[in-house]
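1. I would like the atomic coordinates for the input below:
(one chain, ligands or ions: 3)
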Amino acid sequence: MDDTRNNPVPDTRTARVTAEEALAMHAEGRPGKLEIRLTKPLITARDLSLAYSPGVAEPCLRIAENPALAYDYTSKGNFVAVISNGTAVLGLGNLGALASKPVMEGKVALFKRFADVDGIDLCVSTEDADEFINAVKYLGPTFGGINLEDIKAPECFVIEQRLREIMDIPVFHDDQHGTAIVAAAGLINACHLTGRKLSETRLVINGAGAAAIACAELVKAMGMKPEHVTLCDTKGVVYRGRTEGMNQWKSGHAVSTAARTLSDALEGADVFFGLSVKGALTPAMMQRMAPNPIIFAMANPDPEITPEEARAIRPDAIVATGRSDYPNQVNNVLGFPFIFRGALDVRARTINDAMKVAAAESLAQLAREEVPEEVARSGTGRRLAFGPEYIIPNAFDPRLISRVPVAVAKAAMESGVAQKPIADLARYSRELTLRLDAAANALETIHEAVRANPRRVVFAEGEEERIIRAAIAYANAGLGTAVLVGREDRIAAVVSALGIGLPPGVEIINARLSGNTTRYAEWLYAKRQREGFLFRDIQRLVNQDRNVFAACMVGTGDVDALVTGETRSFSVALEGVRMAIEPAPGKVLFGLTMMVARRSGTVLVADTAIHERPDAATLAQIARDAASAARRMGLTPRVAFLSFSTFGDPKGSIPGSVRDAVKLLDQEQPDFEYDGEMAADVALNPALRGALYPFCRLTGPANVLVMPGLHAAHILTKAVPHLTSATTIGPILMGLEKPAQIVPMQLGVSQLLDMASLAAYQSL
Ligand SMILES: NC(=O)C1=CN([C@@H]2O[C@H](COP(=O)(O)OP(=O)(O)OC[C@H]3O[C@@H](n4cnc5c(N)ncnc54)[C@H](OP(=O)(O)O)[C@@H]3O)[C@@H](O)[C@H]2O)C=CC1
Ligand SMILES: CC(=O)C(=O)O
Ligand SMILES: [Mg+2]
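-> Numbers count the residues shown, from 1 in each chain. Ligands and ions are numbered 1, 2, ... in the order given. So this is what the prediction gives:
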């Protein structure tokens, strides 16, 4: 998160964030990143009697008789504790239990986001191994698995080993094994690309703690010769006979060598693993390495050497870091969610070596396969394809969930630790895919696509604090240039009050002083002169209405896309935008709202912005365009035309135009599923549909809802975020000849950034 503007080497990072942005994100709304949700209704006295006293006595008594029933009657089977004492928080050192909580909450969030594993962070305030072991041991019954995190070596080895012996659920120190598995996967592929055999490859690991020792063990188990693996720590090389700063785990990896420093050890080495601290590897040290060196600088949050520095000195290197904002992220996030998913699903007693190797091989294999469209663009701006810039899958790769847990579960069954084997692994793989929402990745895919083709986006309300923050975030995220329309002194005052600076990717344009107003006025006059506008009317509009000015910037091609709406009502902002930007030929202007529900997945709703009572032709065109938008987001569209009536009952005038829209599509046989008219519950609940309307053509729950009118659409999308846990994004304006997005007033900075990215994406 440093400000690297004075860095002499070019900064190729992508999704950069500032310290201020990170703090704001953690503090916003409900502080932190987690909350607990109920899975059963607790509304009536009957609910209470079932869920609590007296009903709850029944599962208690059954579990007392047969402990395995805890998996049937409680959350245990999908519940993992992320436990730390904060003695090795990332590479930041011993920050203590409390300060480790943001990382632990983050790990729980990753468990949920990437593998639908529920978790809770437990920060245990002791550095005494026995006390820590006891705390975890006594908490064991609650959980299906224990993920130990950021506990320093050597205590972590004692803690993990002891807990594995005494607990009957998987205990896994993520910094050891998660890291080793992901690093091993990356190493397999990097060796493949550089034509190296593992048995002849020489590795130097800087760090001799939790992650380093586990990496050394795994690569040796995979075929590296022990004498080819050299560890270094704060005292230099871990050589045989050394006495200072040693422990039994380091001794197990000590080698006979004359090398005493990291620099000595790196002479002719093929691979460097950094599991130590920021900046530990210097360019001069890298110079000593063999041709095509492999550098995994894995310290977090800042690596042992930055990719820019590494490449500047060794352009022949394959470089990876632990961070999300560079290509090749070698980070245990690719491991622990999926490893636990597989282990929990077969109710594995433990996570053994066979399961770890299976996870590593499955990760390595995935990176060598062709990358699907939804993850096809990397943060580097190049298409993702197996090679030096893509040796390991991206954390957002939707294939991870259906591959790695299957490999882990299979290995658990074959090695005899699965208590609940899965008979049909192919089916299990398909079920895993359904655990994740395909469209949840859509926004990240959109950001990545824009990063690969950075765009100039104008923010019409450039003096507003939230807009300025969003513009800074846009530039910092590597999405392109953000242009703020506003007065320099006003913007400077806001920026200085915020205590931040404007990064180079943010420009300011003062509409009044801009030398472009005459050009824009002439361009707009040429468009509108036959519609009752005099030149001086147009001039006044361009000079005085920021939305018109900004829309002219887009219309004339000075920028690629426009964002507005933060301070003006939708209709007023739309009027300004529409002066200069018209619907694309053959298209209908409409609003598309993404409703991202945590349980039931993403549903697209249209039209949520423009047509009060759309006729049949408009509804049909909205359906076509919404279906193709769904496809671009990775969904297989299932379009339901909604109404208060279902297939003719009850009768009314509105369902008539909805039915006619369906008939229009029937005449052209589009390449997506659609049907209607139907009520919302019929659209979303296939069981209900199957029972009452078996002829309905939709093969699953509808994921595109075409609304019969603005009334219903507005009420639905405005009410849902308040009544449910779903998030809404939009309305996204569709169908304009040039992209412009009108955001809801008072939108947060992250959502503004998403809308700017969506606008930029529409210009690609
Ligand atoms: N990318 C990823 O997925 C992961 C990255 N990591 C990173 O690895 C690093 C270590 O974590 P972890 O193993 O859990 O921590 P530990 O505290 O267990 O180990 C830290 C090790 O680093 C060594 N070390 C510290 N400073 C230096 C230095 N300047 N030169 C050489 N060695 C040094 C220590 O040496 P000594 O023994 O002499 O004290 C110790 O051996 C952290 O930066 C962490 O972020 C960890 C897990 C996952
Ligand atoms: C990624 C991780 O677990 C660490 O750096 O500690
Ligand atoms: Mg860690």
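2. And the residue of the stretch 351-500 of the chain closest to ligand 2?
-> residue 395 (11.4 Å; C-beta to the nearest ligand atom). Glycine gets a C-beta too; all of them are placed from N, C-alpha and C.
3. For the nearest residue to that residue once chain neighbours are set aside, grab phi and psi.
-> Distances taken as C-beta to C-beta, 6 or more residues apart in numbering place residue 333 nearest to residue 395, at 5.3 Å, with adjacent residues excluded. The phi/psi pair for residue 333 (degrees, to the nearest 10) reads phi -60, psi -30.
4. Next, count neighbours for residue 333.
-> A count of nearby residues for residue 333, using other C-beta atoms under 10 Å, gives 22.
5. The residue of the stretch 351-500 of the chain closest to ligand 2 and residue 115 touch, don't they?
-> No: applying C-beta atoms under 8 Å, one finds residue 395 not in contact with residue 115, separated by 11.3 Å.
6. ok, the two, which is more surrounded?
-> More crowded of residue 395 and residue 115, by other C-beta under 10 Å: residue 115, with 24 against 17.
7. how much space between the more buried one and ligand 3?
-> 17 Å (C-beta to the ion, to the nearest Å).
8. If you count contacts, what does the helix or strand residue 21 falls within end up packed against?
-> Here residue 21 sits within helix 19-27, counting by DSSP states H and E. Packing partners of helix 19-27 (3 or more C-beta pairs under 8 Å, 6 or more residues apart in numbering; DSSP states H and E): helix 465-476, helix 749-762.
9. any chance of those helices in a markdown table, with distance to residue 436, mean neighbour count and mean pLDDT too?
-> Below are the helices and strands packed on helix 19-27 laid out as a markdown table (distance: least, C-beta to C-beta, whole Å; neighbours: other C-beta atoms under 10 Å; pLDDT from 0 to 100):
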| stretch | distance to residue 436 | mean neighbour count | mean pLDDT |
| --- | --- | --- | --- |
| helix 465-476 | 26 | 24 | 92 |
| helix 749-762 | 19 | 24 | 92 |
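10. can you count the residues close to residue 292?
-> Neighbours around residue 292, by other C-beta under 10 Å: 16.
11. Which residues are in contact with the nearest residue to residue 630 once chain neighbours are set aside?
-> Nearest residue to residue 630, sequence neighbours excluded (C-beta to C-beta, 6+ apart): residue 637, at 4.1 Å. Residue 637 makes contact with 626, 627, 628, 630, 631, 672, 673, 703, 704, according to C-beta atoms under 8 Å, 6 or more residues apart in numbering.
12. Out of those residues, which comes closest to residue 567?
-> Residue 567 has its nearest neighbour among these in residue 626, at 28.6 Å by C-beta to C-beta.
13. For that closest one, which non-adjacent residue is spatially closest?
-> Per C-beta to C-beta, 6+ apart, closest to residue 626 is residue 606, 4.3 Å.
14. What residues does the protein have near ligand 2?
-> 90, 150, 174, 175, 300, 322, 331, 332 (C-beta under 6 Å from any ligand atom).
15. Shouldn't residue 524 be within a helix?
-> Yes: the assignment for residue 524 by DSSP: H, G, I helix; E, B strand; the rest coil puts it in a helix.
16. where's the residue nearest to it when sequence neighbours are not counted, which helix or strand?
-> Of all residues not flanking residue 524 in the chain, residue 538 sits nearest, at 5.1 Å (C-beta to C-beta, 6+ apart). Using DSSP H and E, residue 538 maps to helix 535-544.
17. mean confidence for the very next helix or strand once past that helix?
-> Counting by DSSP H and E, the next helix or strand C-terminal to helix 535-544 is helix 546-555. For helix 546-555, mean pLDDT is 96.
18. relative to helix 749-762, how tilted is helix 546-555?
-> 40 degrees (axes from the mean of the first three to the mean of the last three C-alpha atoms, to 10 degrees).
19. Run through the neighbouring helices and strands of helix 546-555.
-> strand 455-459, strand 480-485, helix 517-528, helix 535-544, strand 561-564, helix 570-580.
20. Of all these, which one is nearest ligand 3?
-> strand 480-485 (33.3 Å; C-beta to the ion).
21. who does that closest one touch, helix- and strand-wise?
-> strand 455-459, helix 465-476, strand 506-509, helix 546-555.
22. residues making contact with the last one?
-> When contacts are defined by C-beta under 8 Å, 6+ apart, helix 546-555 is touched by residues 458-462, 483, 485-486, 509, 511, 514, 516-517, 520, 523-524, 541-543, 559-562, 564, 568, 572-573, 575-581, 738-740.
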